[in-house]
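Asks: here you go, sequence then predicted model.
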Number of protein chains: 2
Amino acid sequence: MSHEVDVVRAVADLRGRVRYWRDQGLGVALVPTMGALHRGHMSLIAQALETADRVVASIFVNPIQFGPGEDFSRYPRQEAEDAAMLSKAGCHLLFAPQVAEMYPDGFATQVRVAGLTEGLCGAARPGHFDGVTTVVAKLMLQVQPDIALFGEKDYQQLAVIRRMVCDLDIPVSVVGVGIVREEDGLALSSRNAYLSAEQRAIAPALYRTLCATAEAIAAGRPASEACAAAARTLVEAGFESVDYVEAREADSLAPVEIPVRPSRLLAAARLGTTRLIDNVALIPAA
Amino acid sequence: MSHEVDVVRAVADLRGRVRYWRDQGLGVALVPTMGALHRGHMSLIAQALETADRVVASIFVNPIQFGPGEDFSRYPRQEAEDAAMLSKAGCHLLFAPQVAEMYPDGFATQVRVAGLTEGLCGAARPGHFDGVTTVVAKLMLQVQPDIALFGEKDYQQLAVIRRMVCDLDIPVSVVGVGIVREEDGLALSSRNAYLSAEQRAIAPALYRTLCATAEAIAAGRPASEACAAAARTLVEAGFESVDYVEAREADSLAPVEIPVRPSRLLAAARLGTTRLIDNVALIPAA
């Protein structure tokens, strides 16, 4: 039976634990999460364990990255199950702070990345990425890990975090980890739990459509045309609405019509009140 | 003869030097400056040398903290003289990056403190403190010192930086160092070099008026009344205009009418195109 993961809730305790490891010359990885862990998170933990001697996972449903009409209050919270999964995976420490530990009275600072945050999910979720960059900067400076791992499912988030870490000279290596999918292609997400059986049956159309669209673009179809067609396909498949289907350069997220550099096809679409996102690589046209 | 201070211009070199010290278990202090060093800066260096084993001074005239109509281009630049002063003082390393090293192409991140930045100098200099917090966060994360020292002359700046460091969990202790003054009371400032002989003769009225006003408030005069009188006195003394004279709580910078907690009297006034700032402690009324 695996050792039970230790849980700390105060930054001072977290730092004490990390300092103890540092004094032994051990390398440390951070996997920031909002909990409701699934195999996608576990692949981050597994990769962290391969790279570093000690792995800290954080679970914090970060209020400042949710907009007024969003799902902050109903976001799934299941710390006991999460801790059991982390224990089984061999994670060394779980940092699970309360909101008051992260944002005490008088908190007034925001970290903001311009440009990269403005389109895609940033358009539908104003302020979302400011909340993400602020909490990720805090977590990185609380833990001071060598590396921090993020899933590529939140591809724009990953690009924004890379930009922030580079711009602010945060001494942490950011590692992106590939998307983990269900057998039918649906990208794992804590929000999949919101889906009804009927919606769950429709959901894999998102990945299927992205793959077909990426192939069409690789075959030479202009991205704007292919993406417009993809949005129609998603609505026909049963999605209520499509926030975006867009081709972007992999690092800068600059719009792409005919990919010549590494690029990405990204989409967000809604099934009822649930917003699903996904993305795939775009192979530059021959 | 004192050892000449080493100068590095790249973050990688800076970090290499600090890592070498860290490996020997040495403590490190950072004194961020915009150069044009005077005895005020030297008191920061002296205090840093008392507290830490190694002292890094930075000189960087930070473009993003100057507004469009401000003095970025004419701000005094005299690195050779500055380096000589730092050498004489026993400073161990000078970090003097170019703008492109601090803000390479694609730079897009801003650190912003709300509230504290909004009145006083923030009112007259929109965006100024965002530029300050962004560059100070960068410098702290580039050097990763144990302590960073700032002069109390820029009192609001010090309060804003304390807030940012606390909010983002930057693992650095912020130390405020008392104002150094000329014999006639004028607070030392690189911008004093802009003053004509006539303006220089008027300038000490700023400190004199603050002292008299603080005494009046300590004697029970309401701050709003005393500050309004102080502004009139400054104009009568020859200042072109007064940006503000205000009583504020020492940490929160909340407005104060009758001081009961540690408070500060702060002012900014203009002599020609030169903007002078100063502040003094307010003793709570008996």
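Replies: Cool, got the structure.
Asks: and the helix or strand of chain A with the lowest mean pLDDT, what does it pack onto?
Replies: Within chain A, no helix or strand scores below helix A:121-124, which has a mean of 94 by mean pLDDT, DSSP states H and E. Judged by 3 or more CB pairs under 8 Å, 6 or more residues apart in numbering or on different chains; DSSP states H and E, helix A:121-124 is in contact with helix A:128-143, helix A:155-167, strand A:241-249. Quick note: C-beta positions are derived from backbone N, CA and C, even for glycine.
Asks: if you set the cut-off to 7 Å instead, what comes out?
Replies: helix A:128-143 (3 or more CB pairs under 7 Å, 6 or more residues apart in numbering or on different chains; DSSP states H and E).
Asks: chain center to the helix it packs on, what's the gap?
Replies: Between the centre of helix A:128-143 and the centre of its chain there are 13 Å (CA atoms, centre = their mean, to the nearest Å).
Asks: next, the angle from that helix to helix B:155-168.
Replies: Calculated by axes from the mean of the first three to the mean of the last three CA atoms, to 10 degrees, helix A:128-143 forms an angle of 80 degrees with helix B:155-168.
Asks: any bit of helix A:128-143 sitting next to chain B?
Replies: Yes. Against chain B, helix A:128-143 shows contacts by CB under 7 Å from any CB of the partner chain at A:A137, A:K138, A:L141, A:Q142.
Asks: as JSON lines, these with neighbour count, distance to B:F95 and pLDDT would be great.
Replies: Shown next, in JSON lines, are the residues of helix A:128-143 next to chain B (neighbours: other CB atoms under 10 Å in any protein chain shown; distance: CB to CB, whole Å; pLDDT from 0 to 100):
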{"residue": "A:A137", "neighbour count": "27", "distance to B:F95": "22", "pLDDT": "98"}
{"residue": "A:K138", "neighbour count": "25", "distance to B:F95": "25", "pLDDT": "98"}
{"residue": "A:L141", "neighbour count": "22", "distance to B:F95": "20", "pLDDT": "98"}
{"residue": "A:Q142", "neighbour count": "24", "distance to B:F95": "25", "pLDDT": "98"}
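Asks: got these as TSV, with distance to A:L116 columns?
Replies: What follows is those, written out as TSV (distance: CB to CB, whole Å):
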residue	distance to A:L116
A:A137	15
A:K138	19
A:L141	21
A:Q142	24
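Asks: look up how far A:S190 lies from the most centrally placed residue in chain A.
Replies: By CA atoms, centre = their mean, chain A has its centre lying nearest to A:D154, at 3.7 Å. Between A:D154 and A:S190 the computed distance is 11 Å (CB to CB, to the nearest Å).
Asks: with A:L276 instead?
Replies: Remark: distance between A:L276 and A:S190 (CB to CB) = 11 Å.
Asks: what residues does the stretch 101-250 of chain A have near chain B?
Replies: Looking at chain B, the residues of the stretch 101-250 of chain A close enough under CB under 7 Å from any CB are A:107-116, A:137-138, A:141-142, A:144, A:163-164, A:167-171.
Asks: let's see that with 10 Å instead.
Replies: Within the stretch 101-250 of chain A, the positions adjacent to chain B are A:102-104, A:106-118, A:130, A:133-134, A:137-144, A:160, A:163-172 by CB under 10 Å from any CB of the partner chain.
Asks: in ChimeraX, how would I select just the buried ones from the residues you listed?
Replies: Buried residues among these (16 or more other CB atoms under 10 Å in any protein chain shown), as a ChimeraX selection:
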select /A:102,103,107,108,109,110,111,112,113,115,116,117,130,133,134,137,138,139,140,141,142,143,144,160,163,164,165,167,168,169,170,172
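Asks: quick one, grab the pLDDT at the nearest residue to A:L116 once chain neighbours are set aside.
Replies: Leaving out its chain neighbours, the residue that sits closest to A:L116 by CB to CB, 6 or more residues apart in numbering or on different chains is A:V160, at 5.0 Å. A:V160 carries a pLDDT value of 98.
Asks: you'd agree A:V160 is up against A:F129?
Replies: Yes. Between A:V160 and A:F129 there is a contact at 5.3 Å, judged by CB atoms under 10 Å.
Asks: overlap in contacts, those two.
Replies: Common contact partners of A:V160 and A:F129 (CB atoms under 10 Å, 6 or more residues apart in numbering or on different chains): A:R112, A:V113, A:L116, A:T117, A:C121, A:G122.
Asks: give me every residue that touches the residue of the stretch 151-286 of chain A found nearest chain B.
Replies: Residue nearest to chain B within the stretch 151-286 of chain A (CB to the nearest CB): A:D167, separated by 3.6 Å. Under the criterion of CB under 10 Å, 6+ apart, the neighbours of A:D167 are A:111, A:113, A:133, B:102-104, B:106-111, B:134, B:137-138.
Asks: next one: it from B:A226, what distance?
Replies: Counting by CB to CB, the gap from A:D167 to B:A226 is 44 Å.
Asks: just the buried positions in stretch A:36-47, please.
Replies: Those would be A:A36, A:L37, A:H38, A:G40, A:H41, A:M42, A:S43, A:L44, A:I45, A:A46, A:Q47, for stretch A:36-47 by 16+ other CB under 10 Å.
Asks: just the closest of those to A:E215, please.
Replies: A:G40 (24.2 Å; CB to CB).
Asks: thought the closest one was touching A:I179?
Replies: Yes. In this structure A:G40 lies within contact range of A:I179 using CB under 10 Å: 7.1 Å.
Asks: overlap in contacts, those two.
Replies: Here A:G40 and A:I179 share the contacting residues A:G151, A:E152, A:K153, A:A187, A:L188, A:S189, scored by CB under 10 Å, 6+ apart.
Asks: so what's the residue nearest to A:L116 up against?
Replies: By CB under 10 Å, 6+ apart, the contact set of A:V160 is A:112-113, A:115-117, A:121-122, A:128-130, A:132-133, A:136, A:154, A:253, B:108-109.
Asks: for A:L168, same thing?
Replies: A:L168 neighbours (CB under 10 Å, 6+ apart): A:111, A:113, A:133, A:137, A:140-141, B:107, B:109-111, B:134, B:137-138, B:140-142, B:168, B:170.
Asks: got it, and A:E225?
Replies: With contact set as CB under 10 Å, 6+ apart, A:E225 has these partners: A:A216, A:I217, A:E257.
Asks: cool, A:Y20 as well?
Replies: A:L26, A:R54.
Asks: okay, now the domains of chain A?
Replies: A:6-177, A:190-278 (automatic domain parsing).
Asks: so where's chain A shaky on pLDDT?
Replies: A:1-2, A:285-286 (pLDDT under 70).
Asks: sort out which residues of stretch A:210-224 are buried, please.
Replies: Buried residues in stretch A:210-224, counted by 16+ other CB under 10 Å: A:L210, A:T213, A:A214, A:A216, A:I217, A:A218, A:R221, A:A223.
Asks: please save the CA atoms from it in PDB.
Replies: What follows is stretch A:210-224 as a C-alpha-only set of coordinates in PDB (Å, rounded to 0.1, in the frame of the first residue of the first chain):
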ATOM      1  CA  LEU A 210     -10.700  19.300 -34.600                       C
ATOM      2  CA  CYS A 211      -8.900  16.300 -36.100                       C
ATOM      3  CA  ALA A 212     -10.800  16.400 -39.400                       C
ATOM      4  CA  THR A 213     -10.300  20.200 -39.600                       C
ATOM      5  CA  ALA A 214      -6.600  19.900 -38.900                       C
ATOM      6  CA  GLU A 215      -6.300  17.300 -41.700                       C
ATOM      7  CA  ALA A 216      -8.200  19.600 -44.100                       C
ATOM      8  CA  ILE A 217      -5.800  22.500 -43.200                       C
ATOM      9  CA  ALA A 218      -2.800  20.200 -43.700                       C
ATOM     10  CA  ALA A 219      -4.200  19.300 -47.100                       C
ATOM     11  CA  GLY A 220      -4.200  23.000 -48.000                       C
ATOM     12  CA  ARG A 221      -7.600  24.300 -47.100                       C
ATOM     13  CA  PRO A 222      -7.300  27.900 -45.700                       C
ATOM     14  CA  ALA A 223      -7.800  27.900 -41.900                       C
ATOM     15  CA  SER A 224     -10.500  30.500 -41.800                       C
END
